[in-house]
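Trainee: build me a model from this:
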Amino acid sequence: MTVPVADPEVTPGRLKTWLFADTTTAPDEHLGPYAAEQETERRHPWWKVMCLTGVDYFSTLGYQPGIAALAAGAVAPIATVVLVLLTLFGALPVYRRVAEESPHGQGSISMLERLLPFWRGKLFVLVLLGFAATDFMITMTLSAADASAHVTENPHVPDFVNGHEVAITLGLLALLGVVFLRGFKEAIGVAVVLVVIYLALNFVVIGVSFVHVFEHPHVVGDWMNLLQTDHGSALAVIGVALLVFPKLALGLSGFETGVAVMSHVEGDPTDTEEQPTGRIRNTKKLLLAAAAIMSAYLIASSLVTTWLIPPAAFEDGGAASGRALAYLAHEYLGDAFGTVYDVSTIAILWFAGASAMAGLLNLVPRYLPRYGMAPEWSAAVRPLVLVLITIAFVITWIFEADVNAQGGAYATGVLVLITSAAVAVTLAARRAGQRKLAVAFAVIALIFVYTTIDNVLERPDGLKIGALFIAAIIAVSIASRLLRAFELRTTEVRLDPTAELFVRDCARRTIRFVANEPDDRDREEYRRKVEQILDDNDLPDSQDVVFVEVTLTDPSDFESVIEVRGEVMHGKYRVLTLESPTVPNALAAMLLHVRDLTGVRPHVYFEWTEGSPIPNLLRFLLFGVGEVAPVTREVLRRAEPDRRRRPHVHAG
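Mentor: Coordinates of the predicted model:
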């Protein structure tokens, strides 16, 4: 359930009250914790939402050219062209299809979730969430680390600041946490300002750099001579570029964010939630525009930084390490303009962390609570913010705020998500009978598989960090599922007219439900069941007996809507049928709903299940069945503390 807000004048735990101040109690307290409808999201023109994505995507210009030069050397521009081709003809078509298949911002993870049923699907999603967490967390720490590099390398900053990159990075992360603890409101307007200023400043820096190249054309000749000396032929250069371009994978970040924020995109007036045609079309414009802008900047920045910056300056501790374009801004436009550029870069890098934090705060509740795999406090923003900022502190301390050291982990998270998206759209095209399109997507998926494997082999630290996140998410998820096993998992209970007629008729006397596991559903089955219940519980007659039969759906699901249907079997026996991932929780929810509907406390009758209670408990946890009677009673006890209002449970 959602955590109720305590009165600070009554409850001594004022800190706890503040932490959970953003949660509310559901209108029907015995229903599941997510029954309340979500507030409708405000919509914006696609180009504004592109800027929200851009604080993550475009901010990589702050460190991408330096990482590319360090990883690929003189081949960096050619490798960048390969990366751009993969962006425009690989990642872009994939995510345009993701936008079609998942128009409410669930992303590629939800597409793959639908392909695998039961616990396999849940485990697969947890693994992908681990890599998504790696992507977003490293976005926060890497962006803050690069912002601190721009601070310490600025010539107007006092010398005593140098060497304190870790402290500055921690301070920026702490400031980010403070913003979210105070209440982070929609900030698309801020994102638009930051992105416009940042792209304009980069346009100036790159433009002036090209002017310098035209004035000193020998730098291009020197670069071409170096390529020929080191690699011999143009074919060899292209071969090397194909081999090293996976190291530049940071330039692919932002696509998953693009589809994640598409719920903010304004569509057509005729759009519906079932058919948001305009929103899908405008999201495709967003993805295309972002990819085109970023591709142009990536190629241009890679060229000027490779031509104009000495290779030694890219090394760890060098003047251009993690800040190649800032180096050119100071070199060719002076320290005053360079300082303005640094401030703009610091702002957008810091705000990229805000974008990543917002993504995590939306991503974690989107899946884990629905699986029952998140603690109750995850419904509140502030406790989750504290946990995420603490993790960011630890990552910063481990990597010592080094941008290059974190690049592998960031690239791994990005590439795994894009690869999973490519696989998802391949399967979606195949299911739709689009054979040629499926083959094209399969080729793209294979390229991303190669890119991911190459990146992991080159920089295994990214996989290690991803594995740590996966292990942590799985451990927390299992513990949470066990702790929350006895909660009500129902968002709504609906009775059809026949079922409601049965209930209201019995409510005039006594409501007696008999839990029955259906077999043949013949007359003899119901007759024997009635005789047994009457004998076990010493009941006078079967006048008010109504059978309840639960059919199991996917037991790995947590929450559900219960549709109760009434029917008369063999002209005599009244039967209520319903479907649910778990039998005891569904019965408890139905009993409470009937009590609230009629004002009468119903009775429910069970048979004891044969066998050891331990295997039966495991059957309940994994498969939604087991020893139904005591579990139903426990769910009712937790949902309704007042014994005078709690439905009666009988077992015989």
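
Trainee: what helix or strand is Val81 on?
Mentor: Using DSSP states H and E, Val81 sits in helix 76-86.

Trainee: list the buried residues for the helix or strand following that helix?
Mentor: Using DSSP H and E, the helix or strand that follows helix 76-86 in sequence is helix 92-101. Under the neighbour-count criterion of 16 or more other Cβ atoms under 10 Å, helix 92-101 has 92-99, 101 buried. The C-beta positions use only the backbone N, C-alpha and C, and glycine is treated the same way.

Trainee: where does pLDDT dip in the stretch 351-500 of the chain?
Mentor: 362, 365-366, 369-380 (pLDDT under 70).

Trainee: where exactly do the strands run in it?
Mentor: Taking DSSP state E, counting those that start in this stretch as the criterion, the stretch 351-500 of the chain carries its strands at 490-495.

Trainee: quick one: the helices in it, in order.
Mentor: With helices called from DSSP state H, counting those that start in this stretch, the stretch 351-500 of the chain shows them at 381-399, 403-431, 435-458, 461-483, 497-507.

Trainee: got JSON lines for the ones you listed, with mean neighbour count too?
Mentor: Output for the helices of the stretch 351-500 of the chain, formatted as JSON lines (neighbours: other Cβ atoms under 10 Å):
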{"stretch": "helix 381-399", "mean neighbour count": "19"}
{"stretch": "helix 403-431", "mean neighbour count": "24"}
{"stretch": "helix 435-458", "mean neighbour count": "17"}
{"stretch": "helix 461-483", "mean neighbour count": "18"}
{"stretch": "helix 497-507", "mean neighbour count": "18"}
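
Trainee: of these, which is nearest Trp119?
Mentor: The stretch from the helices of the stretch 351-500 of the chain with the least distance to Trp119 (Cβ to Cβ) is helix 461-483; that distance is 10.4 Å.

Trainee: and the helices of the stretch 351-500 of the chain as CSV, adding distance to Phe180?
Mentor: Shown next, in CSV, are those (distance: least, Cβ to Cβ, whole Å):
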stretch, distance to Phe180
helix 381-399, 4
helix 403-431, 21
helix 435-458, 30
helix 461-483, 20
helix 497-507, 46
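
Trainee: mind checking which of these is nearest Ala241?
Mentor: helix 435-458 (12.9 Å).

Trainee: can you give me the angle the closest one makes with helix 92-101?
Mentor: 120 degrees (axes from the mean of the first three to the mean of the last three Cα atoms, to 10 degrees).

Trainee: so what secondary structure elements neighbour helix 435-458?
Mentor: Secondary-structure packing of helix 435-458 (3 or more Cβ pairs under 8 Å, 6 or more residues apart in numbering; DSSP states H and E): helix 92-101, helix 403-431, helix 461-483.

Trainee: so how far is the longest one from its chain's centroid?
Mentor: Using Cα atoms, centre = their mean, to the nearest Å, the distance from the centre of helix 403-431 to the centre of the chain it belongs to is 14 Å.

Trainee: between the helix holding Val81 and helix 435-458, how big is the angle?
Mentor: 140 degrees.

Trainee: give me the buried positions along helix 76-86.
Mentor: For helix 76-86, using 16+ other Cβ under 10 Å, the buried residues are 76-84, 86.

Trainee: going on from the strand ranked longest in the chain, what's the next piece of helix or strand?
Mentor: In the chain, with assignment by DSSP state E, the single longest strand is strand 560-569. Sequence order places strand 573-580 as the next helix or strand after strand 560-569, per DSSP H and E.

Trainee: how about TSV for the helices and strands packed on helix 435-458, with distance to Val205 added?
Mentor: TSV is the format used below for the helices and strands packed on helix 435-458 (distance: least, Cβ to Cβ, whole Å):
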stretch	distance to Val205
helix 92-101	26
helix 403-431	19
helix 461-483	30
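
Trainee: for Gln275, which of those is the nearest?
Mentor: Of all the helices and strands packed on helix 435-458, it is helix 92-101 that lies closest to Gln275, at 11.3 Å by Cβ to Cβ.

Trainee: now the angle from the closest one to helix 403-431?
Mentor: 60 degrees.

Trainee: for whatever helix or strand Gly338 lives in, name the packing helices and strands.
Mentor: Applying DSSP H and E as the criterion places Gly338 in helix 324-367. When contacts are defined as 3+ Cβ pairs under 8 Å, 6+ apart, helix 324-367 packs onto helix 46-57, helix 64-72, helix 118-152, helix 165-183, helix 188-215, helix 255-260, helix 277-308, helix 381-399.

Trainee: still on that earlier bit, now do the longest strand of the chain: everything it contacts.
Mentor: Contact partners of strand 560-569, identified using Cβ atoms under 8 Å, 6 or more residues apart in numbering, comprise 489-502, 521, 523, 526, 547, 553, 574-581, 586, 589-590.

Trainee: would you mark the buried spots in it?
Mentor: So, applying 16+ other Cβ under 10 Å, buried residues of strand 560-569: 560, 562, 564, 566, 569.

Trainee: related to what we said a few turns ago, among the contacts of strand 560-569, which ones are buried?
Mentor: Looks like these have 489-491, 493, 495, 498-500, 502, 526, 547, 574-581, 586, 589-590 buried, using 16+ other Cβ under 10 Å.

Trainee: out of the helices and strands packed on helix 324-367, nearest to Thr339?
Mentor: helix 118-152 (9.8 Å).

Trainee: which stretches of the stretch 551-652 of the chain form helices?
Mentor: Applying DSSP H, counting those that start in this stretch to the stretch 551-652 of the chain gives helices spanning 583-598, 613-623, 628-639.

Trainee: where among those helices is average confidence lowest?
Mentor: For the helices of the stretch 551-652 of the chain, mean pLDDT drops lowest on helix 613-623, to a mean of 67.

Trainee: could you count how many residues lie near Asn225?
Mentor: Asn225: 12 surrounding residues under other Cβ atoms under 10 Å.

Trainee: just Arg120 next, same as before
Mentor: Neighbour count of Arg120, defined by other Cβ under 10 Å: 11.

Trainee: distance of it from Ile109?
Mentor: 14 Å (Cβ to Cβ, to the nearest Å).

Trainee: is Gly322 located within a strand, as I assumed?
Mentor: No - secondary structure of Gly322 (DSSP: H, G, I helix; E, B strand; the rest coil): coil, not part of a strand.

Trainee: quick one, grab the pLDDT at it.
Mentor: Per-residue pLDDT puts Gly322 at 74.

Trainee: list the contacts for the nearest residue to it once chain neighbours are set aside?
Mentor: Once flanking residues are discounted, Gly322 sits nearest to Val403: 4.0 Å by Cβ to Cβ, 6 or more residues apart in numbering. By Cβ under 8 Å, 6+ apart, the contact list for Val403 reads 63, 66-67, 142, 145-146, 149, 321-322.

Trainee: repeat that for 6 Å
Mentor: By Cβ atoms under 6 Å, 6 or more residues apart in numbering, the residues touching Val403 are 63, 142, 145-146, 322.

Trainee: Leu349: which of these is nearest?
Mentor: Looking across the contacts of Val403 and measuring by Cβ to Cβ, the closest to Leu349 is Asp146, at 5.4 Å.

Trainee: would you mind measuring from that closest one to Leu287?
Mentor: Counting by Cβ to Cβ, the gap from Asp146 to Leu287 is 25 Å.
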